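**Student:** turn this into a model:
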Amino acid sequence: MKIRLDEDYFRSVMFGLQDGLVSTTGVVVGISAGVSDPAIIIMASFVAISVEASSMAAGEYSSEKAVHELDKRHRHKDDLLMGALLMFVSYFVAGMVPILPFLILPVDIARVVSVAAALVSLFVVGYLKGKIVKEIAFRSAAEMLTIGGLATAIGLLVGTFLKV
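**Tutor:** Predicted coordinates:
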């Protein structure tokens, strides 16, 4: 049995994974740099990941529906709900990576582990993407790590600057 990789679904998953890792890491690490109470960090992190995953899924549905409506030749055959679900799940799963360390480790250690886990995950996702699309896997991994790392650094800087 051969599985056909639908480009729209693949885009949803890749976008969800990358954004879930980057956005959530930026939020979690930024909050943890500005607040030392683990309960606040965990609560804010779960609120953020829930809202962000839902918003991304809604945006995926709406934007893909607009593309379907624009496509007069009906070349887009993907299921809008499936794309939204894939976006939600991939975003939520990836977003858990930077949150998990805060559930089991002290804040200062969790912050470092969270960033490291997110960066390693970005590299792995980029590597796998490179393999799937038959590009140079290491280049794909390095690109995703660089882009995600810069966005993560912004969250850390803002959280550190606005420390309460």
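**Student:** spit out the contact partners of the residue nearest to the spatial centre of the chain.
**Tutor:** Nearest residue to the geometric centre of the chain (Cα atoms, centre = their mean): residue 20, 1.6 Å. By Cβ atoms under 8 Å, 6 or more residues apart in numbering, the residues touching residue 20 are 49, 52, 53, 56, 90, 91, 92, 93, 94, 95, 97. Just so you know, the C-beta spots here come from the backbone N, C-alpha and C atoms, and that holds for glycine as well.
**Student:** turn the residues you listed into CSV, including distance to residue 30.
**Tutor:** What follows is the contacts of residue 20, written out as CSV (distance: Cβ to Cβ, whole Å):
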residue, distance to residue 30
49, 14
52, 14
53, 18
56, 19
90, 22
91, 18
92, 19
93, 21
94, 17
95, 14
97, 16
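**Student:** from those residues, which land in helices?
**Tutor:** If you go by DSSP state H, the contacts of residue 20 have 49, 52, 53, 56, 90, 91, 92, 93, 94, 95, 97 in helices.
**Student:** who are the packing partners of the helix or strand bottoming out on mean pLDDT in the chain?
**Tutor:** Lowest by mean pLDDT, DSSP states H and E among the helices and strands of the chain is helix 137-161, with a mean of 84. Applying 3 or more Cβ pairs under 8 Å, 6 or more residues apart in numbering; DSSP states H and E, we find helix 137-161 packed against helix 7-34, helix 107-132.
**Student:** low-confidence bits of this structure, can you list those?
**Tutor:** 1-5, 155, 159, 163-164 (pLDDT under 70).
**Student:** now distance to residue 73 too, for the helices and strands packed on helix 137-161, in TSV please.
**Tutor:** Putting those into TSV (distance: least, Cβ to Cβ, whole Å) gives the following:
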stretch	distance to residue 73
helix 7-34	16
helix 107-132	27
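**Student:** these: which one's closest to residue 62?
**Tutor:** Of all these, helix 7-34 sits nearest to residue 62, with 12.9 Å by Cβ to Cβ.
**Student:** from the chain's centre, how far out does the closest one sit?
**Tutor:** 2 Å (Cα atoms, centre = their mean, to the nearest Å).
**Student:** what's the angle from it to helix 137-161?
**Tutor:** Interaxial angle, helix 7-34 versus helix 137-161 (axes from the mean of the first three to the mean of the last three Cα atoms, to 10 degrees): 30 degrees.
**Student:** what angle separates helix 7-34 from helix 107-132?
**Tutor:** Using the same axes, to 10 degrees: helix 7-34 against helix 107-132 is 160 degrees.
**Student:** any buried residues in helix 7-34, and which?
**Tutor:** By neighbour count on 16 or more other Cβ atoms under 10 Å, the buried set for helix 7-34 is 8-9, 11-34.
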